[in-house]
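In: Give the three-dimensional model of this entry:
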Amino acid sequence: MTIEWRRPYALVRLIGGRWTLAVLAELDAGGLRYLDLHDALDGISPKVLTDTLRRAERDGLIRRHLDSGRMGTAALYELTDLGRSLDEPLAALGRWVNANWELVEAAQRDWASRTRS
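Out: The predicted structure is shown next:
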């Protein structure tokens, strides 16, 4: 079976946001409330976190529900099965980065040395 050429680009749009992978990584250990997630992601603005969570929820990677163990309307964010299914492919990408990053940096240094004026 061949993969349609557009699908890898769709994947980048799906998880390529600056904070998306960080949000998914934080939720990998279990559900978190918004404020706990915000605190865990040092440097993210509330608007960007809200937008990232909405996109991930829209795409089926996370679910938002009311935390019945808390008073009021505390929302809990959790990975869905679809979101969890990214664990293995993302781990493979991580292994590729670990195995090849020195080569990438060497190529960048080489390019920079050739393009300096």
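
In: quick one: average confidence on the helix or strand where W111 lies?
Out: Secondary-structure assignment from DSSP states H and E places W111 in helix 87-115. For helix 87-115, the mean pLDDT works out to 94.

In: and if you look at stretch 38-55?
Out: Computed over stretch 38-55, the average pLDDT equals 95.

In: Quick check: end-to-end length of it?
Out: 16 Å (C-alpha to C-alpha, to the nearest Å).

In: Look up how far K47 lies from the residue most central in space within the chain.
Out: With distances taken as C-alpha atoms, centre = their mean, L21 lies nearest the centre of the chain, 1.4 Å away. For L21, the distance to K47 equals 19 Å [C-beta to C-beta, to the nearest Å]. Every residue, glycine included, has its C-beta placed from N, CA and C.

In: returning to that earlier point: show me how far the helix holding W111 is from its chain's centre.
Out: 19 Å (C-alpha atoms, centre = their mean, to the nearest Å).

In: Could you list every helix and strand in contact with it?
Out: Helices and strands touching helix 87-115, by 3 or more C-beta pairs under 8 Å, 6 or more residues apart in numbering; DSSP states H and E: there are none.

In: What residues sit buried inside it?
Out: By 16 or more other C-beta atoms under 10 Å, helix 87-115 has no buried positions at all.

In: can you check stretch 12-32 too?
Out: Result for stretch 12-32 [16+ other C-beta under 10 Å]: buried residues 15, 17, 19-20, 22-24, 26-27, 31-32.

In: Would you convert the residues you listed into a markdown table that also reports distance to A112?
Out: Below are these laid out as a markdown table (distance: C-beta to C-beta, whole Å):
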| residue | distance to A112 |
| --- | --- |
| I15 | 28 |
| G17 | 27 |
| W19 | 28 |
| T20 | 29 |
| A22 | 28 |
| V23 | 32 |
| L24 | 32 |
| E26 | 34 |
| L27 | 37 |
| G31 | 44 |
| L32 | 40 |
